[in-house]
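Asker: Predicted model and sequence below, questions to follow.
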Amino acid sequence: MGRRIFGTDGVRGTVGKEPMTAEFAMRLASAAARVLVPEGGTVLIGKDTRVSGYMFESALEAGFVAAGVDVLLLGPLPTPGIAVLTQEFKADLGVVISASHNPYHDNGIKFFDGHGAKLSDDIEKEIEEQLAHPAITVASASLGMAKRIDTARKRYQAFCASTMPEHLTLDGLKIVFDGANGAGYKVGPRLLADLGAEVIPIGCSPNGRNINAGCGSTQPDLLTTTVPAVGADVGIALDGDGDRVVMVDETGGLIDGDQLLYILATSRHASGTLKGPVVGTVMSNLGLEHALREQSIEFRRASVGDRYVLEALRESGGTIGGETSGHMIVLDQTTTGDGLICALQVLAVMKQSGVPLSRLAAGMPKYPQTMINVRVSKKINPDDSPAIRNAVASAEAALRDSGRIVLRASGTEPVIRVMVEGRDENVVRDLAQQLADVVAEAAG
């Protein structure tokens, strides 16, 4: 069996359709147990607030227990919280039931190893190969046991609070917190309030079906209007599983992942605590690269996906990286992308500097970007087409040093993404359309 079930971030799909069925979840747990916990051990299972989470939680529990593995059920908790508690409980494996920023009718399953890191491609391939075999049930004397952990939220909250500079509180800050009706709906407001902030929660009333619906980091319009309306200093929006974050300044301006990277990198550079290069992706705004260069901060680009950002950070010795979408990694604080921890680091900069968020982000210009998805009938590599290569070369000559062009095939749908970025919005838009037309003709 080839590696087809696992995507860039675990298994994901529509609930009730392969692979997101209860029967598959039980087989996946059994396969993961055979690969990663063959002699018995302990697995943590956490989830977001989707109604289907109950079904998958029970199916995974059954698969692991039948394979002789003990299970600790954490309930709703942000994805990075499962990574943290997997280490704290010295578990062999952490399992997350979530489809992140997707709507409620989707769900997914992803894993962390005992060190709180996502599984390698090779390990995921081994698990897929085991899926060809039926789920196992060990002898009754060797069956695992399951119990629910009621302290999970408090433990993760304490960990997040520990990443704040010593003796620094959020006293005097008025914060609007948008939990996307997801996994961070409870821990986010309580964490901020316990640190001294005045908190106004929105998107914190999950009903199993409203996760990411009109709220959260992917739909922050409510947050951008609420922050100035209530006179708040800042707004924070997570996505459904809490590993992404965007923020809103006091004027209602949206601060995306590129701007958050800029704020954290320049603050640490000024204090002498920045280590290694800052890592973004091929889609990170060119304004970030230029702004960091002006301050002699090295910037590197990885492929799209937080796992590739993480790989680049580890290879280069860097500690700060992320994506425009707000999937932020602060490696000197935790092992994986964590929206709450990133937000706390930015709030700490605000408190220590006394500078409002709008001014902290003002040093990074955001260059206009145009993205056109060209639907294709056959899979092509844009680099293999002379017509596309010539068109790209011509467009790059027109942009000179003030822009970028990225053409990449989507990993999830039959489209070629054409992205053009530069200082002049009209030029960017025209060049993107010209390139999209050439790609469409070449792929026809």
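Answerer: Good, I have the coordinates.

Asker: Break the chain into its domains for me.
Answerer: The record assigns the chain these domain ranges, following automatic domain parsing: 11-150, 156-361, 369-443.

Asker: Turn the ones you listed into CSV, including mean pLDDT and distance to residue 5.
Answerer: C-beta here means a position set from N, CA and C on the backbone, and glycine is covered the same way. Listed next are the domains of the chain as CSV, based on pLDDT from 0 to 100; distance: least, C-beta to C-beta, whole Å:
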stretch, mean pLDDT, distance to residue 5
domain 11-150, 97, 5
domain 156-361, 97, 16
domain 369-443, 89, 14
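
Asker: okay, those in TSV with distance to residue 4 and mean neighbour count next?
Answerer: Formatted as TSV, the domains of the chain follow (distance: least, C-beta to C-beta, whole Å; neighbours: other C-beta atoms under 10 Å):
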stretch	distance to residue 4	mean neighbour count
domain 11-150	7	20
domain 156-361	17	21
domain 369-443	12	17
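
Asker: The nearest residue to residue 311 once chain neighbours are set aside: what's it in contact with?
Answerer: If the residues on either side of it in the chain are set aside, residue 311 comes closest to residue 302, at 7.0 Å by C-beta to C-beta, 6 or more residues apart in numbering. Applying C-beta atoms under 8 Å, 6 or more residues apart in numbering to residue 302 gives the contacts 279, 280, 281, 282, 308, 309, 311, 312, 321.

Asker: which phi and psi does residue 302 have?
Answerer: phi -110, psi 170 (degrees, to the nearest 10).

Asker: so it bridges to which residues?
Answerer: residue 281 (DSSP bridges).

Asker: Give me the distance between the residue of the chain most remote from its centre and residue 178.
Answerer: Distance from the centre of the chain peaks at residue 141, with 40.3 Å (C-alpha atoms, centre = their mean). The gap separating residue 141 from residue 178 is 49 Å, by C-beta to C-beta, to the nearest Å.

Asker: Which helix or which strand is home to residue 270?
Answerer: helix 257-271 (DSSP states H and E).

Asker: Identify the residues contacting that helix?
Answerer: Contacts for helix 257-271 (C-beta under 8 Å, 6+ apart): 244-247, 255, 274, 278, 280, 284-285, 287-288, 291-292, 295, 297, 320-328, 330, 342, 345-346, 349, 353, 357, 360-361, 363-364, 366.

Asker: Can you flag which of those belong to helices?
Answerer: Judged by DSSP state H, helices contain the following of the contacts of helix 257-271: 287, 288, 291, 292, 342, 345, 346, 349, 353, 357, 360, 361.

Asker: out of the residues you listed, who's nearest residue 219?
Answerer: residue 342 (19.1 Å; C-beta to C-beta).

Asker: ok, and the closest non-adjacent residue to the closest one?
Answerer: Using C-beta to C-beta, 6+ apart, the nearest residue to residue 342 is residue 328, at 3.9 Å.
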